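1. just the structure for this:
(chains A and B)
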Amino acid sequence: MSSGCPPQSPAVAKTEVAVDGACPLLAATFAYWDNILGPRVRHIWAPRGPPALAVQLGDGDITFLANHTLNGEILRSAESGAVDVKFFVLSEKGVVIVSLIFDGELKGDRNTCALSVILPQAELGFYLPLHAICVDRLKHSIRKGRIWMQKGYNIVSVLTSEIIPIMELLSSMKTHSVPEDIDIKDTVLHDDDIGDSCHEDFLHKAISSHLQTCGCSMVVGSNPDKVNKIVRTLCLFLTPTERRCSRLCKSDGSFSYDTGLFVQGLLKDSTGSFVLPFRQVLYSPYPTTHIDVDVNTVKQMPPCHEHVYTQRRYMRAELGALWKAAGEDDVLPDTVIHTDETFTPDLNIFQDVMHKDTLVMGFLDEVFLLKPGLSLRSTYLAQFLLLLHRKALTLLKYIEDETQKGKKPFRSLRSLKTDLDLTSEGDLNIIMALAEKLKSGLHSFVFGKPFYTSVQERDVLMGF
Amino acid sequence: MIGSPDLVAFTKDDAFGQTYVDPWSIPEEFSVPLYMHDGKANPWSKANCAKFSKDFILISEFSEQVGPQPLLTIPDDPKVFGTFDLNYFSLRIMSVDYQASFVGHLPGCGYPKINFVEDSKVVLGDSKEGAFAYVHHLTLYDLEARGFVRPFCMAYISSDERKIMQQLQELSSEFSKASESLKAGNRKAFADELEKKLKDLEYTRAVLHKEAERQKMNDGCYSTQAIEKANELANVEKSFYEHKDLLKQVTSYPNRRTRSFDFLLSESDTPADLTDVDHMLDGVSPDPGVENRGGECKLSYTPQLIKAKPAKCFDKRLKTLEELCDMYFFHQTMDQLRLIEDTFRGDLCYIYNRQIDEFLLKKQKTSNFLFEEKDDWQEEEVAKEFCGGNRISDNTLPPSISDLSCKPQTLETCVSSEESLLINREPETGVEGLLDTESSLCDLTQENSDESTCAEIKGSLSSADSGETNKDQFDVQTCVVESKSFTNQQPPCLEVQNCRTNGEKPFDEISPVDFVAAPTRSSHPGNASLEDGVDAVNKAILSAQDPDPNYGNIHETEPFAHEDASCCMRQEGLLDIDPLPHTASESCVEDVVKQEPPSCLQGDPGRPMNFTPNGGTLLEGPTAGLSLDLNTDEASRRNADDASDTISCLSISTSSDRAPSPFPHGGPVTVKQKRKAGLGALKFIRQYPFAQQAIFSLLSGRTLVVLGVDEATVRKLVNALTIFVPNLGKYGERVQPWLTTSFQLADLLNWKLIGLQRISSPTGSSMLHSLNRYSRYISVLDADHKTLRCPPYRGSLVARLADHRTQIKRGCTYYTHVQSVLTELTSKAFLYTFCYHLHLPISPAEDPDTVALRRAEFLHHHFCYSKEDSRIVQFLSELIKDRYLHGPDKEVGPPVFCFNYVSSLTFRI
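-> Below you'll find the predicted structure:
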């Protein structure tokens, strides 16, 4: 492979990253289009240690591939600030490349740049479910990097702060991701009766809130087995792709919270405490449910539209603080927000589950009536999930019809609840959350402004 | 005093504060928008500036003459891509090709080597144009092209970036199939071209050789012309061997696949033609002298002399894509691309939801036959569903509906039922109109009789009338099992008790065979007469599904049918006997028809007769009278088809094609058709206040007959109601959309929804007679008079399906709503069927009464179901149980024949 590669001059800077276990990532690169020399690679990040994968790339190969991610980008006419994603599956080379193309100022010139991640093609199936998570995180890193470039600072340090966690995420997912097919025997639903493993009301609250927060939950506790059992139980309510974006907890040490995963198990430290990373939780695409299996508590973040609004405000505040920063050393990623006076985040983002539902309650009441050990409960679960998805689709179509595909505001929430049998607030939340995953932005469209108006209040207002 | 110049700053139109720009505030290009959807954007709006209306496929080429150029689009409609610049986008997508395909001399190799490159796949987007694409790069071979290669790409272009990434694997897999097909056709065309070239070269070589010889003879060996000819000959020789080698390489193409497992084509996915083409290419001999392909074109090809100097690069015309590929494969590729376009167009949320649906439905093979469209994947063995074949013991399943009575079944009841049967055979003189809101005289007099269900069905079959019982429903098929249980004086769940108490067989190991076989083993010779009677009944029913030509049980009952038909006519009013609308309306007023219909005088309407279209009677085998051949798909198709050759279908109107049906005959029922039916259903529930009653009839397994003069109206109603029919069948076998002749009792087994023509002819009166005759077992929706006669419904389940106040606006939305309610219903029926506490005695001391009571209480208290709602769940549970015990193969024959003796009411608008 390296036979056809041009010699590198000067040598490309490289950061070797020590990652626990085998990292499925071959390398990450930052390249830019030099107005005189054409595409150039500026920096390479590569996992340290013996390559555990069949495909091995030398620096020359990496540079060759990275340079080519900018192919055709001389024609780029995107708006300033836009980040375009390119995805290559190169069977001849046996690699997959994910490139984020953006513009930035380098040495006084506006250049087209590419941040790329290179994986072996054999990892395509593993990577695809995680693609959106990686891209979202890298995009935000690029936003910060562009500010840094504008100020004439080195973007590499900003990118490093996100690329290393992504390498760690992929590495951890390689060993601890939840399998696509979960054996119901490893979950609470295999118990002889409800309440055998955990308190009945706790289980109901946990599943209900988990569904209300679009299937996004973090499970914390001291006992890894207990944590993982709940993780697997919650994952039963996700699609296979979403399950592959979920992670079990590590029994001999804890992973840190990773933004974007659907369900993740996290262990408390030896003192029994767990530090909640506010910024990372807020940057998750969906609101999160916090489940503590030690004390059987379930807390949830506000619904999608409020979550997105808060998230955007926080992002803007963070980028604004970077913009105002006087020097390269002024700002650390997690402390940036404190320098901003205009936005004080509400740290009390996790609240009690207020809305009761009938859907999950009915399901839990009934599923334990079926004999465990056979696949009856799995079938019954599949029926329940099908019901939820069909209700979500009906709701989506209902709103679509009412608003002529968004041309008119939605004003008939009350009719919707009656017609679709979603009069219980919790039921509506669950179905809305599923519909949000099908049609991003639905909450914001339906509930609109003000963003802090709860579903219930909104309904009352619309009744007048 | 403030001077005017001081006020200038406040006189601007801008609101206060907006003109002030904070030097420290971050420019928008470095920030993120605060709101997800600004301005007019909403979750349904496409990418802001997409210039095309819907997704399309673009095929582009990197031409060696003009550079990247678009070749064709699918669909081939300029309106689809609108003002979108295809040239610019072709340039964009072709510039990212990573393929290093060439034909050239490798070091150490004497001849040019073809580099068979694998396709590369790229996803890219142009945020400014609002276009995102999955691009599949491939290389085709052309003898006249530079380096013999022609780079092409096929791109799926959409304005939804998320769709491309989420469906990447599916897109890649489908485009790989198209690419493989195109490349296979190209290899074939390339090989043909090479063969021709070799023949040309061989011919040229021969000509040059002759000329060189002639030159040598005339001018000597060392003349300039002779040397030129010799060089030319040498070049041709070299070219000949190069091309021969190329042909060899093409014919020995390694039929390899991509390295990625994710993009592997499974063997089943590989188009058969791909292997064919390889065989075909195998047949191409690298030696042009040997013709072993047998193709006429090869034999008829006339070699041409090749000029020494080829045409200049830009003078030649490059082959079109069509010319580069064998025609068959080209068309196959185009078909595949059209299929891709068809599969992936539309909103991502629907595509995604469909995939989730399919995934979840695969996991519920035991119950998804109830209301789901049947796909091929559903044909698999149901037993696999349960932990690798660990099926649930049948004993844990609920007993048949007949067992649900709190009254224990005993031998005595069976005997008494036979007695009451004799009573029933006596002619009755009571006259009662069909439209009476009260039950018939017969109903009233026998309301409290305590007949066995077995005898009931015997009576039902042998006579048109039947005894009235306090039992609501009856399951014919379980009749044998039950009756044998009675002979042993055992409750229905005794087998289970034995198994559990004796510990002879573990709970999970009891197979359905045990369940079915057990009563046979325990049958007592002393009860032969009863068993015979029951067997006769069962034969009659089962033979309706048995294609055995010797079958004739129904005919054995003819004398009874004949006798009872007349008594039935006398007993029950024939309000709608006059098919003429005005007469019918008069009848409505009078409520009772006092005149015997002409058909009764002319012949026995109950006798299953065959009519030719011109009215002549045909002599046919007994099987012709019933839809017997129901166990094959072919038969199902015939059954669904109006042109069936069964007795019921022989005289079906030939004009049935006039009214468009959403369920085309012969084809499987699809979601699309059902969705269309949703609109009709929505109109139905809005138009008919008794829609709930009609739907209740269907859901509880009671056949609904839609009666009317106008075919289109009847068909429309039938189509609308089809979505509520449980176990509709792959081809909609449970529905007979338009029937112009009388139906038989056995037809009620097959058809749960019938469209019946009201006509004024002997056939029509016979048909209406059958309506009256079976009025106890059917509900009748009169489309002309807008009435419905059926048992009343007082539950709440159906109300969620058919609320006329619903604000749902579109048919497809309503259909989705119906689907979700029916999914919930299926789930409840599944729970009821397999709930293991429910159907077994908790202790040995517990009698069947207590178990039955527990079942009833479960439905009443746990589900909060009314009696009618419970009946729906019980019927669905019965279907699930039957399906589970007998497997999907038996699906064509309906498992359960249920009817109830609740008096019918007439509902009007």
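2. quick check: phi and psi on B:Gln215?
-> Per-residue torsions, B:Gln215: phi -60, psi -40 (degrees, to the nearest 10).
3. measure it to chain A for me?
-> Remark: distance between B:Gln215 and chain A (CB to the nearest CB, to the nearest Å) = 47 Å. From N, CA and C alone the C-beta is placed, and that goes for glycine too.
4. again, but for B:Ser181
-> Distance from B:Ser181 to chain A, by CB to the nearest CB: 18 Å.
5. where does chain B have low pLDDT?
-> Residue ranges of chain B with pLDDT under 70: B:1-24, B:36-40, B:46-49, B:97-111, B:254-299, B:308-315, B:374-666, B:761-764, B:889-900.
6. can you pull out the strands in it?
-> For chain B, the strands defined by DSSP state E occupy B:56-63, B:67-74, B:103-105, B:112-114, B:120-126, B:131-141, B:149-158, B:703-708, B:735-739, B:753-757, B:778-782, B:787-790, B:905-908.
7. quick one: closest of those strands to A:Pro129.
-> The closest of those to A:Pro129 is strand B:120-126. By CB to CB, the value is 15.4 Å.
8. what does the closest one contact?
-> Residues outside strand B:120-126 that contact it (CB atoms under 8 Å, 6 or more residues apart in numbering or on different chains): A:77-78, A:84-92, B:89, B:92-93, B:96-99, B:131-137, B:161, B:164-165, B:168, B:172, B:175, B:263.
9. which of these count as buried?
-> A:78, A:84-92, B:89, B:92-93, B:96-99, B:131-137, B:161, B:164-165, B:168, B:172, B:175, B:263 (16 or more other CB atoms under 10 Å in any protein chain shown).
10. picking that back up, indicate which one of the strands of chain B is closest to B:Glu211.
-> Nearest to B:Glu211, of those and by CB to CB, is strand B:112-114 at 27.4 Å.
11. tell me where the stretch 201-350 of chain B has helices.
-> Along the stretch 201-350 of chain B, counting by DSSP state H, counting those that start in this stretch, helices occupy B:224-251, B:272-282, B:296-300, B:321-324, B:327-344, B:348-362.
12. could those helices go into JSON lines alongside mean neighbour count?
-> Output for the helices of the stretch 201-350 of chain B, formatted as JSON lines (neighbours: other CB atoms under 10 Å in any protein chain shown):
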{"stretch": "helix B:224-251", "mean neighbour count": "17"}
{"stretch": "helix B:272-282", "mean neighbour count": "16"}
{"stretch": "helix B:296-300", "mean neighbour count": "10"}
{"stretch": "helix B:321-324", "mean neighbour count": "17"}
{"stretch": "helix B:327-344", "mean neighbour count": "18"}
{"stretch": "helix B:348-362", "mean neighbour count": "17"}
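13. enumerate the residues of the stretch 101-250 of chain A near chain B.
-> A:121-122, A:124-125, A:128, A:131-132, A:143, A:146-147, A:150, A:239-240 (CB under 8 Å from any CB of the partner chain).
14. verify the stated contact: B:Cys812 with B:Arg675.
-> Yes. Taking CB atoms under 8 Å as the definition, B:Cys812 is a contact partner of B:Arg675 at 4.6 Å.
15. what residue in the stretch 51-200 of chain A comes nearest to chain B?
-> Closest to chain B within the stretch 51-200 of chain A is A:Gly72: 3.2 Å, counting by CB to the nearest CB.
16. my guess is that residue meets B:Arg92, correct?
-> Yes. A:Gly72 is within contact range of B:Arg92, at 5.9 Å (criterion: CB under 8 Å).
17. which stretches of the stretch 51-200 of chain A form strands?
-> Counting by DSSP state E, counting those that start in this stretch, the stretch 51-200 of chain A has strands at residues A:84-90, A:95-106, A:109-120.
18. in JSON lines, list the ones you listed along with mean pLDDT.
-> Below are those laid out as JSON lines (pLDDT from 0 to 100):
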{"stretch": "strand A:84-90", "mean pLDDT": "92"}
{"stretch": "strand A:95-106", "mean pLDDT": "92"}
{"stretch": "strand A:109-120", "mean pLDDT": "91"}
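19. can you redo the ones you listed as JSON lines with distance to A:Pro165?
-> Formatted as JSON lines, the strands of the stretch 51-200 of chain A follow (distance: least, CB to CB, whole Å):
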{"stretch": "strand A:84-90", "distance to A:Pro165": "19"}
{"stretch": "strand A:95-106", "distance to A:Pro165": "16"}
{"stretch": "strand A:109-120", "distance to A:Pro165": "13"}
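20. out of the ones you listed, nearest to A:Val293?
-> Comparing these against A:Val293 with CB to CB, the closest turns out to be strand A:109-120 (34.1 Å).
21. helices or strands next to that closest one in the packing?
-> Other helices and strands packing on strand A:109-120, by 3 or more CB pairs under 8 Å, 6 or more residues apart in numbering or on different chains; DSSP states H and E, are strand A:27-34, helix A:59-68, strand A:95-106, helix A:131-150.
22. could you dump these into TSV with mean neighbour count added?
-> Formatted as TSV, these follow (neighbours: other CB under 10 Å):
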stretch	mean neighbour count
strand A:27-34	24
helix A:59-68	22
strand A:95-106	23
helix A:131-150	21
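23. possible to save the ones you listed as JSON lines with distance to A:Ser273?
-> Compiled in JSON lines, the helices and strands packed on strand A:109-120 are given as follows (distance: least, CB to CB, whole Å):
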{"stretch": "strand A:27-34", "distance to A:Ser273": "33"}
{"stretch": "helix A:59-68", "distance to A:Ser273": "42"}
{"stretch": "strand A:95-106", "distance to A:Ser273": "37"}
{"stretch": "helix A:131-150", "distance to A:Ser273": "26"}
